[in-house]
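1. only geometry, no sequence info:
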């Protein structure tokens with residue numbers, strides 16, 4: 001009889017066991033590295049249509065998948081705390097403000113979505129959803145939805161629902177997100193195949 005609640009090891013569990021260095025040290029190092037990766041992903045823009053693309057949402061979802069839900073969410077929380085303390089780590093900072101002023105601005109809801117999405121994708125990965133192309137694509141789609149829902153709700157509340165909220169906060173980014181979803185759907189199952197061979 002199979003226990004459907006059984007969790008699977010994540011890629012981070014396989015590649016760096018906490019038994020080697022201790023869970024606290026390992027998780028601290030991974031969280032700092034992950035938050036630095038998010039910082040870099042927010043700052044690098046890739047020319048794309050109809051708007052330039054960053055890899056930040058990809059990194060958010062990837063951290064969940066690779067780290068699992070607890071460490072993935074904790075890593076995004078570290079990133080958000082760094083931003084709350086005034087480090088210019090978000091896209092558009094410091095030009096569009098820093099710290100809590102930025103976080104309560106138009107993109108604040110998406111930042112909340114980052115935390116929720118990392119947790120959701122990590123939870124799905126711990127149930128084996130990152131090991132096939134189809135299930136990885138579904139997990140990434142779910143993560144994107146979880147980013148967009150609070151993002152659009154906050155944007156609409158702040159700007160007013162009489163404004164073109166979807167045209168500002170959703171439709172220009174869908175094509176880029178589709179590309180990132182396809183990349184993830186190919187990447188993570190391929191990584192698992194390499195890990196199994198190793």
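-> Happy to help now that I have it. Given the structure is predicted, the values throughout are model-derived calculations rather than measurements. Numbers count the residues shown, from 1 in each chain.
2. and residue 99, how many residues sit next to it?
-> Around residue 99 sit 16 other residues, with neighbours defined as other C-beta atoms under 10 Å. Backbone N, C-alpha and C define where each C-beta goes, glycine included.
3. dump the residue contacts of it.
-> Residue 99 makes contact with 83-86 under the criterion C-beta atoms under 8 Å, 6 or more residues apart in numbering.
4. who touches the helix or strand of the chain with the lowest mean pLDDT?
-> Of all helical and strand segments in the chain, the minimum by mean pLDDT, DSSP states H and E falls on helix 18-21, at a mean of 74. Applying C-beta under 8 Å, 6+ apart, the external contacts of helix 18-21 come out as 26-27.
5. buried ones in that helix?
-> Counting neighbours by 16 or more other C-beta atoms under 10 Å, one finds that helix 18-21 has no buried residues.
6. which is the next helix or strand following it?
-> Sequence-wise, the next helix or strand beyond helix 18-21 is helix 23-43, with elements assigned using DSSP states H and E.
7. could I get the full set of strands for the chain?
-> Assigned strands in the chain: none (criterion: DSSP state E).
8. how far away from the center of its chain is stretch 29-37?
-> What separates the centre of stretch 29-37 from the centre of its chain is 13 Å, taken as C-alpha atoms, centre = their mean, to the nearest Å.
9. count of neighbours near residue 156?
-> Close neighbours of residue 156, defined as other C-beta under 10 Å, add up to 17.
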